[in-house]
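1. predicted model follows, preceded by the sequence.
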Amino acid sequence: MQIYKVGGAVRDALMGLAVNDRDWVVVGGSPEQMVAAGYLPVGKDFPVFLHPQTREEYALARTERKTARGYHGFAFHAAPDVTLEQDLARRDLTINAMAQPADAQGLDGVVDPFHGRQDLHDRVLRHVSDAFGEDPVRILRLARFAARFADFSVAPATMHMMRGMVEDGEVDALVAERVWQELARGLMEARPSRMFEVLRDCGALARLLPEVDALWGVPQRADHHPEVDTGVHLMLVLDMAARLQASLAVRFACLCHDLGKATTPADVLPRHIGHEQRSAALLRGLCERLRVPHECRDLADVVAREHGNIHRSAELGAAALLRLFERCDAIRKPRRFADALLACECDARGRKGLEQSAYPQRQRLLQALDAVLAVATEAIAAQAVAAGRKGPDIGSAIQAARLAALQDYLAAA
């Protein structure tokens, strides 16, 4: 058996990046040999094994054949006679189709049959072979790599192939879980806007996220949004979220906060009165379709509904602030509310010329919420009970104390 390090580990080493995960391919081996050597079989569709000590994945060299539409429509063939080059030929991009012997030192012995090293030098994302067109997930993967390596361009022939895949309906066969998985990974890259630019350029965004794709070309008020175009604004917001190292939930909330602007009647543009509730309604359908995790869905709902009110919160008095906290469920879930404020800051600073601007609303609302949370609700409830008050009266007493705390905070601010 011959063992090679493959894919991202080789690519990242050549780029001078930290190598966090390593994948291995075994040429000339059989499942029986792997088990005899102490490897633990874990693959369901094709032979993959865990190393007995490192627990890293070792896959037998394999080829694949398209049998049906979509991600699962493949038949795999793994046997001792499958060569390393045959295995590399089935990979997505040339920069991911390089290998290195397991015993090689440094950058010695890199096997590069498809010129991935040159494409690294030229900063190009290029498909390895026509097999790329058989797997629609590869469109999402390439878009994700574009977000990671923002200075890489997509080879024209590869973009042409992706457009053909979209037109042929391959993207329509993707399962929701895999779309969300790749979308979530792309959102967490250094420049997530690049992922959406690539998906939009090949036509996949309109199929996968039509609510997002519809935002391009929708005008906004220039005094609020110097970039004017809603889609352009959205990309600035996403990149601001990456710059502020926001969590996945915050970045997803940023992605969905303005969906309702695409449904604004033409006769009222560029104003978008009531777009917040329309955004929340569109968000629910998107989340159901892609089976978005509840944590991401719930935060995105708060941001979609309330980002306008949070932006205007400096104008709100104590009673209005308390109602805002209650609508956001901030008293029960202060951490989620803090995430909502971060998403709103990304929205405010994701505008041309305003990237360095301050967002005082965030700190002010966090301090105001702290004042509300400091109210000793248990003591107030106990006093109310001792005075013979019940149910709604106890709630009213707590509400009054929270309102008084907010009034004191605003008076001192």
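-> All right, it came through fine. Numbers count the residues shown, from 1 in each chain.

2. alpha carbons only for contacts and neighbour counts from here, please
-> Will do.

3. that's a strand at residue 49, yeah?
-> Yes. Residue 49: assigned to a strand according to DSSP: H, G, I helix; E, B strand; the rest coil.

4. so what's it scoring on pLDDT?
-> At residue 49, the pLDDT value in this model is 92.

5. grab the nearest non-local neighbour of it.
-> Closest residue in space to residue 49, ignoring its immediate chain neighbours: residue 41 at 4.3 Å, by CA to CA, 6 or more residues apart in numbering.

6. so who does residue 62 touch?
-> Counting by CA atoms under 8 Å, 6 or more residues apart in numbering, residue 62 touches 76, 77, 78, 79, 82, 86, 87.

7. show me those residues that map onto helices.
-> In helices, judged by DSSP state H, the following of those are found: 86, 87.

8. just name the closest of the contacts of residue 62 to residue 334, please.
-> Closest approach between the contacts of residue 62 and residue 334, by CA to CA: residue 76, at 49.3 Å.

9. what sits up against whatever helix or strand residue 121 lives in?
-> If you go by DSSP states H and E, residue 121 is part of helix 116-122. Under the contact criterion CA under 8 Å, 6+ apart, helix 116-122 has outside partners 14, 15, 93, 94, 95, 96, 97, 98, 125, 126.

10. can you pull the contacts of residue 199?
-> 139, 140, 143, 205.

11. in three-state terms, label it for me.
-> Per three-state DSSP, residue 199 ends up helix.

12. any idea how far residue 347 is from it?
-> Distance, residue 199 to residue 347, using CA to CA, to the nearest Å: 22 Å.

13. give me the contacts around stretch 93-106.
-> So stretch 93-106 is contacted by 2-8, 10-11, 88-89, 91, 108-117, 119-120, 125-128, 142 (CA under 8 Å, 6+ apart).

14. ditto for stretch 151-168
-> 123-127, 133, 136, 139, 146, 171-172, 202-204.

15. can you pick out the most distant pair from those?
-> 123 and 172, at 29.7 Å, using CA to CA across the contacts of stretch 151-168.

16. residue 25: what secondary structure?
-> strand.

17. how about the contacts made by it?
-> Counted by CA under 8 Å, 6+ apart, residue 25 has contacts 3, 4, 5, 6, 58, 59, 60, 61.

18. would you turn those into CSV with distance to residue 298 and pLDDT?
-> As requested, the contacts of residue 25 are exported to CSV (distance: CA to CA, whole Å; pLDDT from 0 to 100):
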residue, distance to residue 298, pLDDT
3, 46, 95
4, 44, 96
5, 41, 95
6, 39, 95
58, 39, 93
59, 39, 92
60, 42, 93
61, 43, 92
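
19. what subset of the residues you listed is buried?
-> Burial of the contacts of residue 25 was assessed by neighbour count (16 or more other CA atoms under 10 Å); the buried members are 3, 4, 5, 6, 58, 59, 60, 61.

20. distance of the second one from residue 266?
-> Distance from residue 4 to residue 266, counting by CA to CA: 58 Å.

21. on that earlier part again, could you list which of the buried ones among the contacts of residue 25 belong to strands?
-> Judged by DSSP state E, those include 3, 4, 5, 6, 58, 59, 60 as members of strands.

22. look up the closest residue to residue 186, ignoring the ones flanking it.
-> Residue 186's closest residue in space is residue 144 (CA to CA, 6+ apart), at 4.6 Å.

23. helix, strand, or coil at that neighbour?
-> Per three-state DSSP, residue 144 ends up helix.

24. that one - how many residues pack around it?
-> Counted with other CA atoms under 10 Å, the neighbours of residue 144 add up to 28.

25. wouldn't it be in contact with residue 188 here?
-> No. Using CA atoms under 8 Å, residue 144 is not in contact with residue 188; the gap is 9.3 Å.

26. dump the contacts of helix 116-122 to JSON lines, plus pLDDT and secondary structure.
-> Output for the contacts of helix 116-122, formatted as JSON lines (pLDDT from 0 to 100; DSSP: H, G, I helix; E, B strand; the rest coil):
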{"residue": "14", "pLDDT": "96", "secondary structure": "helix"}
{"residue": "15", "pLDDT": "96", "secondary structure": "coil"}
{"residue": "93", "pLDDT": "97", "secondary structure": "strand"}
{"residue": "94", "pLDDT": "98", "secondary structure": "helix"}
{"residue": "95", "pLDDT": "98", "secondary structure": "helix"}
{"residue": "96", "pLDDT": "96", "secondary structure": "helix"}
{"residue": "97", "pLDDT": "97", "secondary structure": "coil"}
{"residue": "98", "pLDDT": "97", "secondary structure": "coil"}
{"residue": "125", "pLDDT": "98", "secondary structure": "strand"}
{"residue": "126", "pLDDT": "98", "secondary structure": "coil"}
